[in-house]
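J.: Give the three-dimensional model of this entry:
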Amino acid sequence: MKKNFTINISGEVQGVFFRASTKEIAESLKIYGLVKNESDGSVYVEAEGEEEALKEFIRWCHHGPPRANVEQCDVREASIKNFSRFVIER
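T.: Numbering: from 1, shown residues only. You can find the predicted model right below:
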(Lines give C-alpha, C1' and ligand atoms only; values in the text may rest on other atoms or scores of the structure.)
Protein backbone atom coordinates (compact mmCIF):
# COMPACT_ATOMS: atom_id res chain seq x y z
CA MET A 1 0.00 0.00 0.00
CA LYS A 2 1.34 3.40 -1.01
CA LYS A 3 1.90 5.95 1.75
CA ASN A 4 3.43 9.40 2.18
CA PHE A 5 5.46 10.64 5.13
CA THR A 6 7.04 13.97 6.00
CA ILE A 7 10.28 13.60 7.95
CA ASN A 8 12.06 16.40 9.81
CA ILE A 9 15.61 15.46 10.77
CA SER A 10 17.70 17.56 13.12
CA GLY A 11 21.19 17.36 14.56
CA GLU A 12 24.42 17.56 12.57
CA VAL A 13 22.70 16.87 9.25
CA GLN A 14 23.84 19.63 6.88
CA GLY A 15 27.25 19.56 5.20
CA VAL A 16 27.55 15.79 5.67
CA PHE A 17 26.11 14.62 2.31
CA PHE A 18 22.72 13.95 3.92
CA ARG A 19 20.66 15.10 0.92
CA ALA A 20 22.72 13.18 -1.66
CA SER A 21 22.70 10.04 0.50
CA THR A 22 18.95 10.36 1.08
CA LYS A 23 18.37 10.54 -2.68
CA GLU A 24 20.52 7.43 -3.26
CA ILE A 25 18.69 5.41 -0.61
CA ALA A 26 15.27 6.62 -1.80
CA GLU A 27 16.00 5.69 -5.41
CA SER A 28 17.29 2.25 -4.40
CA LEU A 29 14.00 1.64 -2.53
CA LYS A 30 11.78 3.13 -5.30
CA ILE A 31 10.67 5.97 -3.04
CA TYR A 32 9.67 9.29 -4.60
CA GLY A 33 9.56 12.76 -3.10
CA LEU A 34 12.07 15.40 -2.09
CA VAL A 35 14.78 16.36 0.36
CA LYS A 36 15.95 19.86 1.25
CA ASN A 37 17.98 21.76 3.83
CA GLU A 38 16.04 24.09 6.11
CA SER A 39 17.28 27.46 7.38
CA ASP A 40 17.28 26.16 10.98
CA GLY A 41 19.95 23.55 10.14
CA SER A 42 17.55 20.63 9.82
CA VAL A 43 16.72 18.49 6.79
CA TYR A 44 13.16 18.08 5.49
CA VAL A 45 12.05 15.01 3.53
CA GLU A 46 8.82 14.06 1.82
CA ALA A 47 8.82 10.36 1.00
CA GLU A 48 6.20 8.40 -0.89
CA GLY A 49 6.18 4.73 -1.74
CA GLU A 50 5.23 1.25 -0.62
CA GLU A 51 4.88 0.79 3.13
CA GLU A 52 7.66 -1.80 3.56
CA ALA A 53 10.17 0.31 1.59
CA LEU A 54 9.19 3.38 3.61
CA LYS A 55 9.81 1.52 6.89
CA GLU A 56 13.36 0.74 5.75
CA PHE A 57 13.86 4.32 4.51
CA ILE A 58 12.65 5.81 7.81
CA ARG A 59 14.98 3.49 9.77
CA TRP A 60 17.86 4.84 7.64
CA CYS A 61 16.77 8.46 8.29
CA HIS A 62 17.17 7.90 12.03
CA HIS A 63 20.96 7.65 11.58
CA GLY A 64 21.65 8.97 8.05
CA PRO A 65 25.02 8.84 6.30
CA PRO A 66 28.26 8.10 8.21
CA ARG A 67 29.21 11.75 8.95
CA ALA A 68 25.74 12.72 10.20
CA ASN A 69 24.72 12.92 13.85
CA VAL A 70 20.93 12.66 13.94
CA GLU A 71 19.49 13.96 17.20
CA GLN A 72 15.80 13.89 16.27
CA CYS A 73 13.75 12.34 13.48
CA ASP A 74 10.11 13.45 13.46
CA VAL A 75 7.95 11.32 11.14
CA ARG A 76 4.35 12.15 10.24
CA GLU A 77 1.99 10.51 7.79
CA ALA A 78 0.73 12.89 5.09
CA SER A 79 -1.52 12.80 2.04
CA ILE A 80 -0.37 11.16 -1.19
CA LYS A 81 1.06 13.64 -3.72
CA ASN A 82 1.94 11.19 -6.52
CA PHE A 83 5.58 12.25 -6.90
CA SER A 84 7.16 10.82 -10.07
CA ARG A 85 10.81 10.90 -8.88
CA PHE A 86 13.00 11.84 -5.92
CA VAL A 87 14.67 15.26 -6.07
CA ILE A 88 17.06 17.38 -4.04
CA GLU A 89 15.62 20.85 -3.59
CA ARG A 90 17.93 23.81 -3.01
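
J.: What are the boundaries of the helices in this protein?
T.: 18-28, 51-61 (DSSP state H).

J.: which residues are in contact with the first one?
T.: To tie it back to what came earlier, the one meant is helix 18-28. For helix 18-28, the external contacting residues (C-beta atoms under 8 Å, 6 or more residues apart in numbering) are 9, 31-33, 35-37, 43, 45, 47, 57, 60-61, 64-65, 68, 86-88. In this view, the C-beta of every residue, glycine as well, is placed from N, C-alpha and C.

J.: and the residue nearest to residue 37 when sequence neighbours are not counted, how far is that from residue 28?
T.: For residue 37, ignoring the flanking residues on the chain, the nearest one in space by C-beta to C-beta, 6 or more residues apart in numbering is residue 14 at 5.3 Å. To residue 28, residue 14 is 22 Å away according to C-beta to C-beta, to the nearest Å.

J.: okay, these two: which has more neighbours?
T.: More neighbours surround residue 14 than the other of residue 14 and residue 28, with 17 against 12 (other C-beta atoms under 10 Å).

J.: Tell me the confidence at that one?
T.: In this model, residue 14 is scored at 97, pLDDT.

J.: Residue 39 is in contact with that one, correct?
T.: No - the pair residue 14 / residue 39 is not scored as a contact, 10.2 Å apart, by C-beta atoms under 8 Å.

J.: thought residue 87 was touching residue 31?
T.: No - counting by C-beta under 8 Å, residue 31 is not a contact partner of residue 87; they are 11.8 Å apart.

J.: which of these two has more neighbours?
T.: residue 31 (24 against 16).

J.: Name the nearest residue to the more buried one, ignoring sequence neighbours.
T.: That would be residue 49: by C-beta to C-beta, 6+ apart, it lies 3.9 Å from residue 31.
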